[in-house]
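Novice: Pasting a predicted model and its sequence here:
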Amino acid sequence: VQLQASGGGLVQAGGSLRLSCAASGSTLDYYGIGWFRQVPGKEREGISCISSSDGSTHYADSVKGRFTISRENAKNTVSMQMNSLKPEDTAVYYCATSPDCGYDYDHWGQGTLVTVSS
């Protein structure tokens, strides 16, 4: 499976963005999909996951209540709606597949940059 993340950009604090993770070569229904972010010089942070087995969603405390991950099966895409963005959300965002949430991630898309200005 090949993944393509998109939707990043520049937004003011308090604004919203919607990231998409589009797949080719396989159906995303079969995979748990996670979103991660990384700031240069810092460790990669896992921020959300949607389960392949029961559709449950999981969030890091840093984004809980502000970000929502969802599947768009007709588009073979997983999206993440990001609301109430903060400057500390600035990072490169990546999506990845795993057998399910909590398992190792094995296919990664290229990142998309999100910049939140204060």
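Specialist: Thanks, I have it. All values reported here derive from a predicted model rather than from experimental measurement.
Novice: Could you pull up the contacting residues of the residue sitting nearest the centre point of the chain?
Specialist: For the chain, the residue nearest the mean C-alpha position is residue 35 (2.9 Å; Cα atoms, centre = their mean). The contact partners of residue 35, by Cβ atoms under 8 Å, 6 or more residues apart in numbering, come to 19, 21, 46-49, 67, 69, 80, 93-95. To be clear about C-beta, it is placed using only N, CA and C from the backbone, and glycine gets the same treatment.
Novice: so which helix or strand takes in it?
Specialist: Assigned by DSSP states H and E, residue 35 falls within strand 32-38.
Novice: Now find how far off-centre that strand is within its chain.
Specialist: Centre-to-centre, strand 32-38 and its host chain are 5 Å apart (Cα atoms, centre = their mean, to the nearest Å).
Novice: Can you give me the buried ones in stretch 11-26?
Specialist: Within stretch 11-26, the residues scored as buried using 16 or more other Cβ atoms under 10 Å are 11, 17, 19-23.
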